[in-house]
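Student: What would the 3D arrangement of this be:
(2 chains)
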There are 2 protein chains.
Amino acid sequence: MSEEEQLGDSDDLQERLQEVESLLARHKLVEELVHNQDMPRRELVEELVHKQNLNELCFKLDNMHPADIAYVLEALPLEERLLVWNLVRAERDGEILLEVSDAVRETLIDSMERHELVAAAETLDTDELADLVPDLPQEVVEDVFQALPSDEQAQLRAAISYPEDTVGALMDFDMVTVREDVTLEVVLRYLRRFEELPEHTDKIFVIDRDERLQGALSLESLLINDQDVEVCQVMKKVSVRFRPDDEAEEAAQAFERYDLASAPVVDEENRLVGRLTLVAVVDFIREESEAEQLAQAGLREEEDIFASVWDSVKNRWAWLAINLVTAFVASRVIGVFETSIEKLVALAALMPIVAGIGGNSGNQTITMIVRAVAMGQVNPDATRRLLKKELGVALINGLIWGGLLGVLAWWLYNSASLGVVMTAAMTLNLLLAALAGVGIPMLRQRLGGDPAIGSSVMITALTDSGGFFIFLGLATLFLL
Amino acid sequence: MSEEEQLGDSDDLQERLQEVESLLARHKLVEELVHNQDMPRRELVEELVHKQNLNELCFKLDNMHPADIAYVLEALPLEERLLVWNLVRAERDGEILLEVSDAVRETLIDSMERHELVAAAETLDTDELADLVPDLPQEVVEDVFQALPSDEQAQLRAAISYPEDTVGALMDFDMVTVREDVTLEVVLRYLRRFEELPEHTDKIFVIDRDERLQGALSLESLLINDQDVEVCQVMKKVSVRFRPDDEAEEAAQAFERYDLASAPVVDEENRLVGRLTLVAVVDFIREESEAEQLAQAGLREEEDIFASVWDSVKNRWAWLAINLVTAFVASRVIGVFETSIEKLVALAALMPIVAGIGGNSGNQTITMIVRAVAMGQVNPDATRRLLKKELGVALINGLIWGGLLGVLAWWLYNSASLGVVMTAAMTLNLLLAALAGVGIPMLRQRLGGDPAIGSSVMITALTDSGGFFIFLGLATLFLL
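Tutor: Numbering: from 1, shown residues only, chains lettered A, B, ... in the order given. The predicted structure follows:
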């Protein structure tokens, strides 16, 4: 990060976005003015004002952090986004491509020539390159690969080979290593030969002749200890180390639990293969939590807010289709009881309440259970307790809220028996919701799936159809 | 963190939980056995086996990281939780209290004597203490406060005074500071006087005589530069600094955007008052994303999974009450059209589909807009574009899915006009959902509220009532 870049909080960032936007607006205005006046001096004027504006913009961009440029690019509609993108100095293209969202990255890469992409990719470290590779055209990847020295080719090949949510995909290869039998003085002399240490170095790793990890030496211990002690006397054992194929989520939990700043990644034979930093873990945590939020609303991926209507439809259709199927099933359950509804039309008005509250309550239960399962805090003994507790909560809620609605139904339709059926149906549906709220995630865990994915859809489908069936069924049995 | 503590990934962690649980089970079994045999030697046997078991457990706990003990405590039912808690060495109580969830912390604090709490609190730094204070009884807080040296009293008073989601509440006071006119050699000599540096020190801060922040000196620069240069020659300007009353969420975004490891916190006059570390920011990010997940399902706070039924009911009732009101309103909308439903009972079966899909689609839109608003990427010009796009998506989805359902309705009920009404109602409700999905968060932002909170409830309420109204209204106009 160069000294002169201006960083700031998000107010500054929005200010900078507005500056870019106003420069773009001025640029547009000038273009329109010039095109409307059909004077001979037209070209000259255009060129002058145009240039001045764009120069100012260029200067602004040069002084911005790559992450801030990424932010501006994401906030601009396609045409203006590409205008700004072309003003960015080519040697910064790579780092900016890393920062923008997937959807926006696609639009930028589409606008670039092969040689530009190769040049941009070549400014990156192998671990960064690995993040970019899936989005690059095949021939660009080949060109870049050929241009790498052979050790980096191996690193890149390894980094690409790890699945997305593993430690291997998050780690980098920028670590400093020393032997345990040298003195700190030797280490310090060695470090002074560096122009700079790899970013976010908080410790250096101690390895033996076979690259096996022996321990870690914090920068702190280098600073506060005597220079003539040996590394092995002040190094720490490394209590948390990862394998490249460990799940990133687990690593993230360990980083958080043990307040780590970095950790070594080793192979089966304890040879050091990479380094995982908290900075990389934070990016992962953010992306995960965003992906979860999107998935919960049924969005497949983050949308470029200026994506075409058609891209948005594609991003959203699967979720709507699933919900359509479950809604249709619920509708058919109602269809079975059409003669009951014909006889007592109040049922039609009251049934969505039973279904809806069941869904809400089930989602509360399932959210809690999914969290407990994710933390690994639910053993078979706990399952029984949880089930008992959730059924208890459901019973109380059913009697309270169901009772209240029963009274309302009685008052509205002047039928005490309708009120009783309402209360009974609410209570039963809440009990069903509790049972499913505990059962669905447990079952999915036992079957080896992720208990979070789609659990909310499943329980809502169940409490909808179940709620309609219970309420209309009870009404048919007891009221007609 | 002591050398001997065993850390590990979450498999290890679950293994350790199981060990504790099996020791507890053995302890219980022995107790039961002993109580059932009414022999004279009873007490002796009990004491012996009991002690051996508990000693083993004690030993296990001594070797565990505080975060791991917290994990075990959270996973145990109340009785066993308190048994384990009493086996933990008293001087570790403080750090463990910091790690457990709020709900579990309450149960632990309830079980402790005043003097135990005071002793536990006194093992903590002031910034940690500030996190614990809200949960401690008033008289304990007073005792602890009296025991602090006066500068720490001031720190604690300041730390408590900042609202929860601000930088002030996250920062710590553990920073090392130097003057700019000394040489690195002096700095190094100064650092060697420390037993250890404050945790997660990646840079030390450079201040002038009035404690005004001048720059930062990374540990790295101390290591790779010549010892006879002056601090001012190698220190970096600090481009990101925070105020104690800055929002923590903004600080988190800046840490992520600029890949920071720590940043200084200064007052209005640029005097250094604290330090914000990435480790503290990560804790905040996790808690935020968990709180969001819980809030989305209408849980007020994280539940102790072994909480009493009654505590759970209290944690969940507000959400159910709100949903009950919106469901009741929707039910009254249906009530208005009861005569129509009596005449054409198919309406009752089809209407939940229209309402449900509208809700799903609206939630997709609102999730995307809320994200864009949170990133500050939505200006008035973008609002118009977004609205146009969302209405376009709604129109296409309405025609595709509404058309499909129209055909199904036609086929099921043998009425082409019913099919047309179904398609029209779906399309109109999706357009309403799009309008509200863009409008609600924008409006809330303009009114100064958080666009995320409760937006999902509002849009679901609207698309439910609206969907019923549109579908039944169209049917009444055109079919009856």
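Student: C-alpha only now, for contacts and for neighbours.
Tutor: Will do.
Student: what residues are up against residue A:188?
Tutor: Residues in contact with residue A:188 (C-alpha atoms under 8 Å, 6 or more residues apart in numbering or on different chains) are A:222, B:223-224.
Student: Any quick PyMOL command for the buried ones out of these?
Tutor: Burial among the contacts of residue A:188 is assessed by 16 or more other C-alpha atoms under 10 Å in any protein chain shown; the matching PyMOL selection reads:
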select buried, (chain A and resi 222) or (chain B and resi 223+224)
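Student: Present the contacts of residue A:188 as CSV; the columns should include pLDDT.
Tutor: Below are the contacts of residue A:188 laid out as CSV (pLDDT from 0 to 100):
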residue, pLDDT
A:222, 92
B:223, 91
B:224, 90
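Student: Identify, from the contacts of residue A:188, the entry nearest to residue B:62.
Tutor: Nearest to residue B:62 among the contacts of residue A:188 is residue A:222, at 29.2 Å by C-alpha to C-alpha.
Student: Residue A:184 is in contact with the closest one, correct?
Tutor: Yes - contact status for residue A:222 versus residue A:184: in contact at 6.7 Å, counting by C-alpha atoms under 8 Å.
Student: Spell out which residues make up each domain of chain A.
Tutor: What the record gives for chain A is the domain set A:10-166, A:177-277, A:309-478, from automatic domain parsing.
Student: Highest mean neighbour count out of those domains?
Tutor: Mean neighbours per residue, mean count of other C-alpha atoms under 10 Å in any protein chain shown, is largest over those for domain A:309-478, with a mean of 20.
Student: I'd like the average pLDDT over that one.
Tutor: What domain A:309-478 shows for mean pLDDT is 91.
Student: list the contacts for residue A:208?
Tutor: Shown in contact with residue A:208 (C-alpha under 8 Å, 6+ apart): A:179-180, A:214.
Student: out of these, which are inside strands?
Tutor: If you go by DSSP state E, the contacts of residue A:208 have residue A:214 in strands.
Student: out of everything not next to it in sequence, what's closest to the residue in the stretch 201-350 of chain A that chain B sits nearest to?
Tutor: Minimum separation of the stretch 201-350 of chain A from chain B (C-alpha to the nearest C-alpha) falls at residue A:224, amounting to 4.1 Å. Distances taken as C-alpha to C-alpha, 6 or more residues apart in numbering or on different chains place residue B:192 nearest to residue A:224, at 4.1 Å, with adjacent residues excluded.
Student: Pull the contacting residues for residue A:166.
Tutor: For residue A:166, the contact set (C-alpha under 8 Å, 6+ apart) comprises A:244-249.
Student: And for residue A:399?
Tutor: Contacts of residue A:399 by C-alpha under 8 Å, 6+ apart are A:423, A:427.
Student: Next, it: secondary structure please.
Tutor: Following DSSP: H, G, I helix; E, B strand; the rest coil, the label given to residue A:399 is helix.
Student: So the spatially closest residue to residue A:174 that is not a sequence neighbour, which state does it fall into?
Tutor: Leaving out its chain neighbours, the residue that sits closest to residue A:174 by C-alpha to C-alpha, 6+ apart is residue A:198, at 5.7 Å. Of the three states, residue A:198 takes coil under three-state DSSP.
Student: Make sure residue A:198 is actually in contact with residue A:177.
Tutor: No - in this structure, residue A:198 is not within contact of residue A:177 by C-alpha under 8 Å, at 11.6 Å.
Student: The residue of the stretch 201-350 of chain A closest to chain B touches residue B:191, doesn't it?
Tutor: Yes - counting by C-alpha under 8 Å, residue A:224 touches residue B:191, with 5.8 Å between them.
Student: need the contact list for the residue of the stretch 201-350 of chain A closest to chain B.
Tutor: B:188, B:191-196.
Student: for residue A:466, same thing?
Tutor: Residue A:466 makes contact with A:355, A:429, A:432, according to C-alpha under 8 Å, 6+ apart.
Student: SS state for it?
Tutor: Judged by three-state DSSP, the three-state class of residue A:466 is helix.
Student: got the phi/psi numbers for residue A:262?
Tutor: When read as degrees, to the nearest 10, the backbone of residue A:262 gives phi -160, psi 160.
Student: Just the local confidence number for it, please.
Tutor: The confidence metric pLDDT takes the value 95 at residue A:262.
Student: Relative to residue B:373, how far out is the residue nearest the centre of chain A?
Tutor: In chain A, the centroid-proximal residue (C-alpha atoms, centre = their mean) is residue A:287; its distance is 2.4 Å. Counting by C-alpha to C-alpha, to the nearest Å, the separation of residue A:287 from residue B:373 is 17 Å.
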